[in-house]
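K.L.:
Pasting a predicted model and its sequence here:
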Amino acid sequence: MRLDRREPLDEGDTMSTPVADTHDVIRVQGARENNLKDLSVELPKRRLTVFTGVSGSGKSSLVFGTIAAESRRLIDETYSTFVQGFMPNLPRPEVDVLEGLTTAIVVDQERMGANARSTLGTVTDANAMLRSLFSRLGEPYIGGPTAFSFNIPTTKASGVMTGPNGEKKIVKDAVYLGGMCAECEGRGTVSDLDLSVIIDESKSLAEGAILVPGYTADGWMVATFIESGFFDPAKPIADYSEKERHDLLYKQTTKIKAKGINVSYDGLIPKLRKSMFSKDPESLQPHIKAFVERAAVFTTCPGCAGTRLNESARSSKIKGLSIADVCAMQVTDAAEWLRGIEDKGVAPLVAHLLHLFDSFVEIGLGYLSLDRPSGTLSGGEAQRTKMVRHLGSALTDVTYVFDEPTVGLHPHDIERMNKLLLELRDKGNTVLVVEHKPETIAIADHVVDLGPGAGTGGGSICFEGTVDGLRSSDTLTGRHLDHRASLKETVRTAAEHLEIRGASTHNLKDVDVDVPLGVLCVVTGVAGSGKSSLIHGSVAGREGVIVVDQGAIKGSRRSNPATYTGLLEPIRKAFAKANGVKPALFSANSEGACPTCKGNGMIYTELGFMETVATVCEDCGGRRFQAAVLDLRFGGLNIAEVLDLPVAEAHAFFAAGEARTPAAAAILARLEDVGLGYLRLGQPLNTLSGGERQRIKLATHMAEKGGVYVLDEPTSGLHLADVDNLLALLDRLVDAGKSVIVIEHHQAVMAHADWIIDLGPGAGHDGGRVVFEGPPADLVAARATVTGQHLAAYVGS
C-alpha cells in the first residue's frame, strides 16, 4: 500500500499543495471576550497584520485576550500535571473556534520590575557575558565571573565541606568572592534624611525648630524633647554641642520623666523612621506624605561611587577600563571598545556580546547604558528591550504579538522599528501588531479595523483587507489615515517665561532655555535626546507645576475610576437622598459591601506557592453589593448598574432627567473630554493602559485653577480620530489660563503648538542640546533638524 503525502484539492488537481501547507491562516470564530460581538476573522500566517480602531474598540481583547491567551493556555497544558500545579490556571477565552494557532510571544509595554538590583545589563544578560569576559582577560586576575557581580557579596565560611564522593574536609575562613559593594549592598545608592527639611538650625526647640508636621513647639510631641533635660530648649540648635546634637537627633530609647509622667525618649531621627519613614507613603496623610518625600533622599554611595561594585571588582581592567566603566558607557561606545578585543580565546563570547550591542543600536536604544536601572525605562523602551531578545532568535514560525511598538518613538525612529517588524516577518513568523500610527499601518500585509466605536459601541470588524482598501473604505480609521494637521495661522504669545539655566541632568550639556508660559509648548527630539531629562529634571518639582505622566496609579484592586476621581461621592449622596438611607450603603468598601466577598466581587484564594486564584462571588455575582442595596434605585438604576456604565452613558444619565446630579456630571464631562468616554466607572485601575492612566490623572487635575501642566506623550494609545479631540482639549486648557508643556513625538501635536523646543541632534551623548526653539512654521521652513524634516513632510510643505 502506497501512502501519498499529497491530497488533491479538486478532481482535476492530482499533484496540488501538500496538506501541511494548507494551514496558512489563524481562524477565529465566535469571539466574545470582553466587548467582542461574536467576531469571526481569518488572519494570514507569516504575514504582518496590523489591528486598528479607536481606544476600547476590542483590539487587545482579540489579539491579547483571545489569540495570545489561548496559545499560552494550550502550551501550558502540554506540561505534566505536577508542573501545571505550580502554574496559573488560565481560563479558556470566550470563543467558539480557534484554529491554526502557533506559539505566541507577547512583547507588551508592561514596565520592567523596579527591583533596585535590576539594570539593563542584567535583564538582557549583557552583564553575565561581560563578567565572563573580565574573569578571562581582566588584569589583575581577581577570580571567576561571580567576583564581578554586584548581586553577590564576598563571604567567608568555616566548617566541614563534603566532596562529590562523600569525602569530608575541614575548611577555615574559605573566601567566596563576590563583587557587591558592602556599603550599599549592590544598590549604588544609600538612603539618608535631609536634616534641613526636618529641623531649622537657627531656632531653638521652644521657637519651633522641629519642622515635622504635628511637632508644634507647644505640643506634646515636642514636650518630650523639652522636658528631657538633655539640652537647653531655649538654645538654637546650631549652638548645640556634639553630645547635645546626638541626644536630640540619634539617642537610643531611654526612660525619662516629662510633665510628671514616665515616658520613653527616642532621638528625633529614630522616632521619625519608626512613625513615618518605615510606612508606605501612600498610606500617609497627604501633608505627611509630602514631608516624607521632601526629607527622604537617596545619595550616591560614597564607597563605590554609584557603580555597585567593590574595589576588587573595579581594579581588574581590560584595555584600561573596568567592568564598571564599560557598564557606564552608552551602548554605542561599549560596542566600539569591544571591537578592539582580538583575543581568539574569547572570540565566540565577544561575537555574541557584539551582536547584542548591535541589536540595541538597531532598535534605537544605543543611547542607553548597561547600568541604567530597569525600573526607570519608559514603556516603549521596556518593550524594545524585550524585543532585543528575539532579533537574533533561531525560532521561526512563531506568532509575535506587539502592543503599539512605536510608542515613545520619534518619526525618525519609527522607520527603524518598521524595518525590524518586517525582518521578523521575513524569517517566517506571523507578526500581529496593535497600532495607531499611520507609518506602521502603511507597512501591513493585512489590516483588521475594529469598531465602529468604543466599549459597547465596538467589538465588530469594520474592515479587513489591504492598506489601500482601508484607505478607500469609509471607516473612521480609513477616513483619518491620510489626515494631516496643518500649521496654525497665528500662534499665541508667551505672557512670561520659565527659566532653565545650566541643566546637566543625564546627557544634557549645560542647557539654557526659556520655556514660554501661557501657551502650548511642545518639547520634542529623537528618543534619548534629553527631553524628559530637561523637563522632569528642571521643570517638574517647581511650585505650581503639575506633572501628568503614565506612571501606575497607586490603589488596590478595589480602586476604580469612580473612586479615584471622587465621582463616587456625589453618586452615593444622590442615591442616599433618593432612598432615605445612609450614603455608606452605596460603597463597596463600607456598609453596603457583599459580606461574602467583602465588596471585591471576586473571591481570592491564596495558595501559597501557587498563583492566587480568583473566582466570581456566588452570592453577589460579581456586583460587589448586598442584595438589599441592589433593590435601591436612582433614576431607574441600582448602584451596580451605574458603576457598569461607560463614562459617556453615565454623563448623559447624570446630566439630565430625574437622575440629574451636576457634581457627578462635571467630573464625567472631564473624563469624556480626555477621551475616556468608553471606560466603565467600576473598571479596576490596575487594568488601565499607560495612556488611560495619564488621561484619568489629567481629568482629576482639570478642575484646578491656573498652574503649569507637564504632559508626557499624551497621544500614547490614542486613535488618529482622537488626536484632534486631544488638541482641542489642550487648547481649552491654555485658554483657561493654564500653561501646557507637552513632551511629544506626534507631528499633529507639533504642528498645533505655539512654540517648539527641539533637542538633539542625536541620542545619548550625541544629543543633550537645544537645536531649535521657536514657532512650528520656522522649524518647517528651516528643515535644519531631523524633526523639522519630518514635520515638513507631514504638513506637506
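P.N.:
Received, thanks.
K.L.:
what distance separates the start and the end of stretch 194-213?
P.N.:
15 Å (CA to CA, to the nearest Å).
K.L.:
Residues contacting it, please?
P.N.:
216-217, 221-222, 225-226, 231-238, 249, 268-269, 272, 276, 287-288, 291, 294-297 (CB atoms under 8 Å, 6 or more residues apart in numbering). C-beta coordinates here come from the backbone N, C-alpha and C atoms, glycine included.
K.L.:
Apply the buried test to those and list what passes.
P.N.:
217, 222, 225-226, 231, 233, 237, 249, 268-269, 272, 276, 288, 291, 295-296 (16 or more other CB atoms under 10 Å).
K.L.:
Which of the residues you listed fall in helices?
P.N.:
If you go by DSSP state H, the buried ones among the contacts of stretch 194-213 have 222, 225-226, 249, 268-269, 272, 288, 291, 295 in helices.
K.L.:
any chance of these in a markdown table, plus distance to Ser191 and pLDDT?
P.N.:
Below are these laid out as a markdown table (distance: CB to CB, whole Å; pLDDT from 0 to 100):
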| residue | distance to Ser191 | pLDDT |
| --- | --- | --- |
| Val222 | 25 | 87 |
| Phe225 | 24 | 89 |
| Ile226 | 29 | 87 |
| Leu249 | 16 | 90 |
| Leu268 | 17 | 91 |
| Ile269 | 12 | 89 |
| Leu272 | 13 | 87 |
| Ile288 | 18 | 84 |
| Phe291 | 16 | 86 |
| Ala295 | 11 | 86 |
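K.L.:
Relative to Thr396, which of the residues you listed is nearest.
P.N.:
Among those, Ala295 lies closest to Thr396 (CB to CB), at 55.2 Å.
K.L.:
ok, back up a step: from the ones in helices among the buried ones among the contacts of stretch 194-213, which is closest to Arg624?
P.N.:
Ile288 (30.7 Å).
K.L.:
In contact with the closest one: list those residues for me.
P.N.:
Per CB under 8 Å, 6+ apart, neighbours of Ile288: 213-214, 276.
K.L.:
now do His506
P.N.:
Contacts of His506 by CB under 8 Å, 6+ apart are 530, 533, 537, 768.
K.L.:
Those residues: which two are farthest apart?
P.N.:
Going by CB to CB, the pair spanning these furthest: Gly537 and Gly768, at 11.5 Å.
K.L.:
Neighbour count: those two, which is higher?
P.N.:
When Gly537 is set against Gly768 and neighbours are counted by other CB atoms under 10 Å, the residue ahead is Gly768, at 27 against 17.
K.L.:
Do I have it right that the more buried one meets Leu508?
P.N.:
Yes. Using CB atoms under 8 Å as the test, Gly768 is close enough to Leu508 to be in contact (4.7 Å).
K.L.:
any common contacting residues for those two?
P.N.:
Common neighbours of Gly768 and Leu508 (CB under 8 Å, 6+ apart) are 530, 533.
K.L.:
What about the closest residue to Asp403 other than its chain neighbours, how many residues nearby?
P.N.:
Take Asp403 and drop its neighbours on the chain: the residue closest to it by CB to CB, 6 or more residues apart in numbering is Asp108, 4.6 Å away. Neighbour count for Asp108, taken as other CB under 10 Å: 19.
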